[in-house]
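Participant: below are the sequence and a predicted model; questions follow.
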Amino acid sequence: MSLVSTATLLGAQRAVLAFNVIQLEHGEAILRGAASAGRGVILQISENAASYHGGLAPVGLASLELARAAQTDTAVHLDHAEDEALVEEAVRLGFTSVMFDAATLPDAENRERTAAVAQAAQAQGVWVEAELGAIGGKGGAHTPGVRTDVDDAVAFVEATKVDGLAVAVGSSHAMTSRSASLDFGLIAELASAVPVPLVLHGSSGVSDADLVRAVEAGMRKINISTHINGIFTRAVRERLDADPSLVDPRKYLGPAREAVAAEVARLLTLVA
């Protein structure tokens with residue numbers, strides 16, 4: 001068990017959870033949680049995280065090495081890339097899937113650029129995700145309450161030939177409370193009509209019970225970032241508050257890593 005394709009994970013599991021990696025401790029925590037749960041998982045690196053590290057290679061190569069040594073099947077995914085050059089770099093580095101995000105562009109341009117990215121990446125064996133219309137929480141890119149139209153989704157997949165589609169069904173990015181209200185009827189309609197796996201973005205804002213319902217309705221890939229970041233940060237804060245004299249980062253990053261590992265294991269078991 002080690003680095004596998006995203007397509008392999010989706011073929012083996014009813015649903016796959018994808019957690020965002022910001023620093024090495026995130027990746028380690030996610031894989032410890034996956035090993036504890038005995039479930040495959042996806043490590044995601046966003047364009048923003050790559051920028052934070054001064055480029056994709058440092059965090060991307062580290063995540064790929066973690067995946068190769070993992071105790072459970074692990075894929076490495078580029079999340080929310082708006083730059084084709086970054087997608088090309090991810091493919092060269094060995095990422096097993098990419099998400100090209102042109103959702104803020106006019107529909108025709110979104111389709112054209114997404115189709116070109118999909119064709120090039122798929123030729124290298126890389127699974128390609130795209131987004132039809134913004135999910136929300138990305139600078140007000142669309143108004144609250146907007147939902148993906150089923151016919152539009154089917155036509156988009158047909159035009160672009162992508163392997164997975166992120167859809168707007170009621171969640172929003174960067175939510176710090178788990179209070180999103182998902183449209184489960186729409187999820188079921190989309191899952192029935194769209195011929196590729198559906199992806200739920202903004203899952204940090206979705207409750208345990210609704211994550212289970214979303215998977216039962218047809219969601220296949222579940223993206224989680226803010227939720228585990230909150231757990232990580234709270235653990236760091238608690239450790240520093242308990243001992244203000246600490247200067248060794250391992251003394252507070254270690255407990256945060258363990259807290260995230262426990263939550264990752266719990267969430268993976270939840271949707272098993």
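Facilitator: Received, thanks.

Participant: ok, which stretches of the stretch 1-150 of the chain are helices?
Facilitator: Along the stretch 1-150 of the chain, the stretches classed as helices by DSSP state H, counting those that start in this stretch are 6-12, 24-37, 47-52, 56-68, 84-93, 107-122, 150-160.

Participant: quick check: which of those helices is buried the most?
Facilitator: Comparing the helices of the stretch 1-150 of the chain by mean neighbour count (mean count of other CB atoms under 10 Å), helix 24-37 ranks first with a mean of 23. (Glycine included, C-beta is placed from N, CA and C.)

Participant: include mean pLDDT and distance to residue 238 when you put the helices of the stretch 1-150 of the chain into CSV, please.
Facilitator: Converted to CSV, these look like this (pLDDT from 0 to 100; distance: least, CB to CB, whole Å):
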stretch, mean pLDDT, distance to residue 238
helix 6-12, 94, 33
helix 24-37, 98, 16
helix 47-52, 95, 24
helix 56-68, 98, 26
helix 84-93, 98, 35
helix 107-122, 94, 42
helix 150-160, 93, 43
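
Participant: got any ranges where the stretch 151-272 of the chain has weak pLDDT?
Facilitator: Judged by pLDDT under 70, the stretch 151-272 of the chain has its weakly predicted residues at 170-181, 204-205.

Participant: helices of that one, start to end?
Facilitator: For the stretch 151-272 of the chain, the helices defined by DSSP H, counting those that start in this stretch cover 184-193, 208-217, 226-242, 250-270.

Participant: those into TSV, with extra columns for mean neighbour count and distance to residue 70?
Facilitator: Output for the helices of the stretch 151-272 of the chain, formatted as TSV (neighbours: other CB atoms under 10 Å; distance: least, CB to CB, whole Å):
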stretch	mean neighbour count	distance to residue 70
helix 184-193	16	29
helix 208-217	18	23
helix 226-242	16	17
helix 250-270	19	12
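
Participant: out of these, flag the one nearest residue 44.
Facilitator: Closest to residue 44 of the helices of the stretch 151-272 of the chain, according to CB to CB: helix 226-242, at 11.2 Å.

Participant: counting contacts, what elements does that closest one pack onto?
Facilitator: Where contact means 3 or more CB pairs under 8 Å, 6 or more residues apart in numbering; DSSP states H and E, helix 226-242 is packed against strand 16-20, helix 24-37, helix 250-270.

Participant: figure out which of the ones you listed is closest to residue 85.
Facilitator: Among these, strand 16-20 comes nearest to residue 85, with 20.9 Å by CB to CB.

Participant: buried ones in that closest one?
Facilitator: 16, 17, 18, 19, 20 (16 or more other CB atoms under 10 Å).

Participant: from those residues, which two are the most distant?
Facilitator: Spatial extent of the buried residues of strand 16-20 (CB to CB) is set by the pair 16 and 20 at 14.0 Å.

Participant: before we move on, the earlier item: now the helices and strands packed on helix 226-242 in CSV, with distance to residue 89?
Facilitator: Converted to CSV, those look like this (distance: least, CB to CB, whole Å):
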stretch, distance to residue 89
strand 16-20, 18
helix 24-37, 18
helix 250-270, 27
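
Participant: is it correct that residue 84 is in contact with residue 113?
Facilitator: Yes: when contacts are counted by CB atoms under 8 Å, residue 84 is listed as touching residue 113 (7.2 Å).

Participant: now for the two: what residues contact both?
Facilitator: Common neighbours of residue 84 and residue 113 are listed as residue 100 (criterion: CB atoms under 8 Å, 6 or more residues apart in numbering).

Participant: pull up the gap between the residue most central in space within the chain and residue 126, please.
Facilitator: With distances taken as CA atoms, centre = their mean, residue 223 lies nearest the centre of the chain, 3.5 Å away. According to CB to CB, to the nearest Å, residue 223 stands 18 Å off from residue 126.

Participant: tell me the spacing between the residue of the chain most remote from its centre and residue 253.
Facilitator: For the chain, the residue at maximal distance from the C-alpha centroid (CA atoms, centre = their mean) is residue 245, at 36.3 Å. According to CB to CB, residue 245 stands 16 Å off from residue 253.

Participant: what of residue 69?
Facilitator: For residue 69, the distance to residue 253 - CB to CB - is 20 Å.

Participant: thinking again about what came up before, can I get the helices of the stretch 151-272 of the chain in JSON lines including distance to residue 152?
Facilitator: Compiled in JSON lines, the helices of the stretch 151-272 of the chain are given as follows (distance: least, CB to CB, whole Å):
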{"stretch": "helix 184-193", "distance to residue 152": "10"}
{"stretch": "helix 208-217", "distance to residue 152": "19"}
{"stretch": "helix 226-242", "distance to residue 152": "27"}
{"stretch": "helix 250-270", "distance to residue 152": "30"}
